[in-house]
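Engineer: heads up, no residue letters with this:
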């Protein structure tokens, strides 16, 4: 039997933060580059459309909010994207034009709320899945809403069973197990974490789930943000870790994007990349999944359903309506 090979690409780059139009242009250009290199699946980081708001809580503190923060939140909201919009149609068109599966981390606006969301789009430009981050991490909770169980979905595609989780929800064991139970094969993990321990977690998840893991992070600098973005202006109290003022070339996120095989080792040529913009490529041999499950299968021979069970509420969020 011939092995099935899938080429994947993790795009380590930053958006033009707070500018949806220019960020979409960057998605188009980088997707075309990856497609020309033969990628079947192209993955972008968390919050790529169109900002991960580094080091800013929009001037919100416990018990108080400031006018400047509200204005910047409005800018953030206006640079976010609705899944039923002309801007989102552009994103669908990028996948169709390049004939690739496209996974993009977006800041989704719905009603008056923002969500940190990952979308998966098919080669034909059809939306296959949306997943809202279940629990925003730490200060992210000030600006993003919570997702629901309907986004915990693995999609069966021609390149394999594809799904994933966003950043630190990958540390939620039950969420991971939900994907394992759907027999995930290509696990996408868009993130904003550039700590070495994150890479170790990606290796653990690949080995635990006996799946391929694509970890995709931004390489972001101060210059990727507007010049008047509050955390990096001279009068702001925030400073670099060494205490010096922020400068345009200062690095906010080092990247570390990588692709891991189902035994927890990096796929050849896809080791973590640091401190530069780069597309990380890997050839995935799907037969490796079968080989890896010979001695461990988290939801097969090792699952012990006579002892353990997992219940998942896959319903969507509750929307409140006025009853007359």
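Structural biologist: Received it, and whenever you're ready, just let me know what you need. All of these numbers come straight from a predicted model, not from anything done at the bench.

Engineer: Contacts only, for the closest residue to residue 102 other than its chain neighbours.
Structural biologist: Distance criterion CB to CB, 6 or more residues apart in numbering; nearest residue to residue 102, sequence neighbours excluded, is residue 95 at 4.0 Å. No exception for glycine: its C-beta is placed from N, CA and C like everyone else's. Residue 95 is in contact with 31, 101, 102, 121, 122, 123, 124, 125, counting by CB atoms under 8 Å, 6 or more residues apart in numbering.

Engineer: residues in contact with the residue nearest the centre of the chain?
Structural biologist: In the chain, the centroid-proximal residue (CA atoms, centre = their mean) is residue 190; its distance is 2.5 Å. Counting by CB under 8 Å, 6+ apart, residue 190 makes contact with 43-46, 48, 103, 105, 118, 164, 166-167, 216-217.

Engineer: Angles on the backbone of it, please.
Structural biologist: With angles defined as degrees, to the nearest 10, residue 190 shows backbone torsions of phi -70, psi 140.

Engineer: How much space separates it from residue 109?
Structural biologist: As judged by CB to CB, to the nearest Å, residue 190 and residue 109 stand 18 Å apart.

Engineer: Pretty sure residue 31 sits in a strand.
Structural biologist: No: judged by DSSP: H, G, I helix; E, B strand; the rest coil, residue 31 forms no part of a strand; its state is helix.

Engineer: Walking through the stretch 1-150 of the chain, point out its helices one by one.
Structural biologist: Taking DSSP state H, counting those that start in this stretch as the test, the helices found in the stretch 1-150 of the chain are 20-36, 67-78, 86-98.

Engineer: need those helices in JSON lines with mean pLDDT and distance to residue 295, can you?
Structural biologist: Below are the helices of the stretch 1-150 of the chain laid out as JSON lines (pLDDT from 0 to 100; distance: least, CB to CB, whole Å):
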{"stretch": "helix 20-36", "mean pLDDT": "98", "distance to residue 295": "34"}
{"stretch": "helix 67-78", "mean pLDDT": "97", "distance to residue 295": "47"}
{"stretch": "helix 86-98", "mean pLDDT": "98", "distance to residue 295": "37"}
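
Engineer: right, and the ones you listed - which one's nearest residue 278?
Structural biologist: helix 20-36 (10.5 Å; CB to CB).

Engineer: What is that closest one packed up against?
Structural biologist: Secondary-structure packing of helix 20-36 (3 or more CB pairs under 8 Å, 6 or more residues apart in numbering; DSSP states H and E): strand 5-12, strand 41-43, helix 86-98, strand 278-285.

Engineer: Quick check: buried residues in that helix?
Structural biologist: 20, 23, 24, 26, 27, 28, 30, 31, 34, 35 (16 or more other CB atoms under 10 Å).

Engineer: which intervals of the stretch 201-324 of the chain have sub-threshold pLDDT?
Structural biologist: Flagging of the stretch 201-324 of the chain using pLDDT under 70 yields the residue ranges 237, 318-324.

Engineer: need the strands for it, in chain order.
Structural biologist: 212-217, 220-221, 251-253, 255-260, 273-274, 278-285 (DSSP state E, counting those that start in this stretch).

Engineer: if you compare those strands, which one is most tucked away?
Structural biologist: Scoring the strands of the stretch 201-324 of the chain by mean neighbour count under mean count of other CB atoms under 10 Å gives strand 212-217 as the most buried, with a mean of 30.

Engineer: Give the buried residues for stretch 72-81.
Structural biologist: 72, 73, 76, 79, 80, 81.

Engineer: closest to residue 15 among the residues you listed?
Structural biologist: For the buried residues of stretch 72-81, the nearest to residue 15 is residue 79 (9.0 Å; CB to CB).

Engineer: how far does stretch 148-157 sit from the chain's center?
Structural biologist: Relative to the centre of its chain, stretch 148-157 is centred 14 Å away, using CA atoms, centre = their mean, to the nearest Å.

Engineer: Equivalent analysis for stretch 275-284, please.
Structural biologist: That offset, for stretch 275-284, works out to 15 Å (CA atoms, centre = their mean).
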